[in-house]
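In: Structure of the sequence below:
(one chain, ligands or ions: 2)
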Amino acid sequence: MSFAVRCLDCGHTAPFYPTSTNCLRCNSQWREVEYDYETLAKTLPLQLPGRPFDLWRYRELLPIRNPNPSIALGEGGTPLIQAVNLGMMLGCPNIFIKDERQGPTASFKDRQAAVTIAALKEAGVTEMVAASTGNVAIAYSAYAARAGIKLWAFVTSLVPAVKMREIALYGSQVVKVTGSYDQTKQVAAEFAHQRGLYLDMGARTNTSIEAMKTIAFESIEQLTALLGPAALTPEKRSIWRTPDWYIQAVSGGMGPLGVAKGFREMERMGFIDRLPALGAIQTEGCAPMVDSWKKGLETVIPVTSPRTHIETLATGDPGRAYTLIRNHIDKSHGAFESVSDEEAFRAMHVLAKMEGISAEPAAAVAFAGLFKLVRAGIIKPKDTFVVNCSGHTMPAEQFILGDGWARNVVLPSKLMEETPQEGLLAALNRVAPDRFPRVAIVDDSAEARHLIRRILQSQGNFTIFEASSGQEALKLIEHEVPDLIVLDLMMPEMDGFAVLDTLKTNPETANIPVIVATAKELTSDEKSRLEGQIQSLMQKGDFLNDEFLDEVRTLIR
Ligand SMILES: Cc1ncc(COP(=O)(O)O)c(C=O)c1O
Ligand SMILES: [Zn+2]
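Out: Ligands and ions are numbered 1, 2, ... in the order given. Alright, predicted model coming up:
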């Protein structure tokens, strides 16, 4: 293993020890680990193929002298999942979700904990202090338990109680601070100083930054396996595939800093030929980086009292991390963006209903940011994105699920003795009435029908019919007389315009409301053909499930 640490301020290079946190020459705490990239460019491609797909696959690019399998928990190697439904709704087929929920404690902070705790154990540390908005403390606690390190976890009182209990369950001492996260960090630092304990340095912790690189390494390898190499060199070596964008929610900045370094190292070793644009997303109530970037500032203006329900992202003063991320964003033609808590909760709901992925609000912030960047035209529809997604949904459900999300079956008490069949049927009928609104979906694409079906089913109860051609649609509609028709325009043989013309000549079907859902850019002639014939026009690739449902509900009512 060959690595050293270089100071970002004076350039001084020194051997790396995890407990020595300052530059020996200028005392700066901002330093970066460096490796022998020239040698690794040759050796890694030979070593990787035989190794398991986990974080330690890239051990030569991590600052650990002797990786210690006895504290590992299966970190890294998370799936890269294509978001097909989301892709269809946004008109962006290449959205890939890096599913960090599948780490040992359900967030990408597991990577940081695995490497940092391994380094601290190697250095003989037995007690440490960390301030956290929740997930870091959970991840550190799990690994600290295995490594025999006592953790003092300083959290703000806003961290949900379920997260605090999880920290405590692993045997860490939770210290609840009534104050902002920035104040909590100060209290933790003072405590560590008083007791002479090792203090986690957040985004200045080299081992944590290095751990986050593995998200970049894995994503590149996974995209290459899924989509094929980006190119071949003249010597017929594959250039691996980089996403066009890497998107993640930001608080202290550890994730983006580490992941960006990972991409830079891959480029430096010649494995990829360009850097992805970085999208760093914050919540409006605590968006110091976004606000400072939009004002063109080199250094960040802190937010002194964050106002957000998404406490995970409540770093008001990210300090130098902002400047470093800003450099990368500007170089990679990326963007900082902010979204409201409501937009994040909505994205969380969209992701759960349409992709079966239950992410935590902080991760949903990244998805809400993605939606915003796509709609602003900053992200191009053909681009390939990797979005970082983490878990722990429980505390947020209260914000996104209204009343009536469950239906109760109340069984009459004497059900079993008297008329069991009728009693049960009556109870079940209260759960679901006999007749639901009836919707006909007409589209020649099976995927498009599937998407609309899923959108309708995700919000309760419709009776759904499908037709895959104009002729089939006419027969179906005459026979079933639905309450609403969702109609595609471009279909072979009989197109949507012809279907509409025929429906309007039949008094039985003339008044059924119609939503046209089309991928076609309509000419003004076509638009006037539809006028008065349909109730709503929705452009495929430009609506999310809840927007479509709102339209359906309005028309059926
Ligand atoms: C799920 C999730 N997303 C994003 C972040 C932001 O972290 P950072 O800015 O340190 O990368 C955190 C921090 O704990 C998190 O838990
Ligand atoms: Zn220095």
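
In: So what's the residue count around the closest residue to ligand 2 within the stretch 301-450 of the chain?
Out: Here the stretch 301-450 of the chain gets closest to ligand 2 at one residue, R320, 13.4 Å apart by CB to the ion. Placement of C-beta: from N, CA and C, glycine included. Applying other CB atoms under 10 Å, we find 18 residues neighbouring R320.

In: List the contacts of it.
Out: Residues near R320 by CB atoms under 8 Å, 6 or more residues apart in numbering: W30.

In: What is the neighbour count of the residue of the stretch 401-550 of the chain at minimum distance from ligand 2?
Out: As assessed by CB to the ion, ligand 2 sits closest to L544 within the stretch 401-550 of the chain, at 48.4 Å. The number of residues packed around L544, counting by other CB under 10 Å, is 18.

In: Provide a list of residues in contact with A249.
Out: Taking CB under 8 Å, 6+ apart as the criterion, A249 is in contact with I281, Q282, L313, A362, A363, V365, A366, G369, N388.

In: For this protein, list the residues in contact with ligand 1, please.
Out: Within the chain, the positions near ligand 1 by CB under 6 Å from any ligand atom are 107, 109, 133, 135-136, 249-255, 312-313, 360, 362-363, 390.

In: in this structure, which residue is closest to the centre?
Out: C389 (3.1 Å; CA atoms, centre = their mean).

In: where does that residue land on pLDDT?
Out: pLDDT recorded at C389 is 96.

In: I'd like the distance between it and N22.
Out: With distances taken as CB to CB, to the nearest Å, C389 is found 35 Å from N22.

In: Also G77?
Out: G77 is 34 Å from N22, by CB to CB.

In: Repeat that for T214.
Out: Applying CB to CB, the value for T214 to N22 is 26 Å.

In: out of those two, which sits in the more crowded spot?
Out: T214 (28 against 14).

In: From the contact counts, what lies against the helix or strand that contains that one?
Out: Here T214, judged by DSSP states H and E, is contained in helix 206-227. Counting contacts by 3 or more CB pairs under 8 Å, 6 or more residues apart in numbering; DSSP states H and E, helix 206-227 packs against strand 31-35, strand 80-82, strand 95-99, helix 109-122, helix 254-268, strand 385-389.

In: Can you name the residue of this structure nearest to ligand 1?
Out: The chain approaches ligand 1 most closely through G255 (2.9 Å), counting by CB to the nearest ligand atom.

In: out of everything not next to it in sequence, what's closest to that residue?
Out: In space, and not counting its chain neighbours, G255 is closest to Q248: 5.1 Å by CB to CB, 6 or more residues apart in numbering.

In: to the chain's geometric centre, what's the distance from the helix or strand hosting the one you found?
Out: Taking DSSP H and E as the criterion, Q248 maps to strand 245-249. Here strand 245-249 shows a centroid-to-chain-centroid distance of 8 Å under the convention CA atoms, centre = their mean, to the nearest Å.

In: If you count neighbours, what's buried in whatever helix or strand N327 lives in?
Out: Assigned by DSSP H and E, N327 belongs to helix 320-331. For helix 320-331, the neighbour count (16 or more other CB atoms under 10 Å) marks R320, A321, Y322, T323, L324, I325, R326, H328, I329 as buried.

In: gap between the residue of the chain closest to ligand 1 and V350?
Out: Taking CB to CB, one finds G255 at 22 Å from V350.

In: Which of those two has more residues huddled nearby?
Out: It is G255, of G255 and V350, that has more neighbours when counted by other CB under 10 Å, with 28 against 24.

In: thought that one was touching M212?
Out: Yes: between G255 and M212 there is a contact at 5.6 Å, judged by CB atoms under 8 Å.

In: what do those two both touch?
Out: Jointly contacting G255 and M212 under the rule CB under 8 Å, 6+ apart are F108.

In: hey, which helix or strand in the protein has the poorest pLDDT?
Out: In the chain, the helix or strand scored least confidently by mean pLDDT, DSSP states H and E is helix 397-400, which has a mean of 63.

In: just checking, what packs against the helix or strand just after that one?
Out: Downstream of helix 397-400, the next assigned helix or strand under DSSP H and E is helix 420-431. On a contact count with 3+ CB pairs under 8 Å, 6+ apart, helix 420-431 meets no helix or strand.
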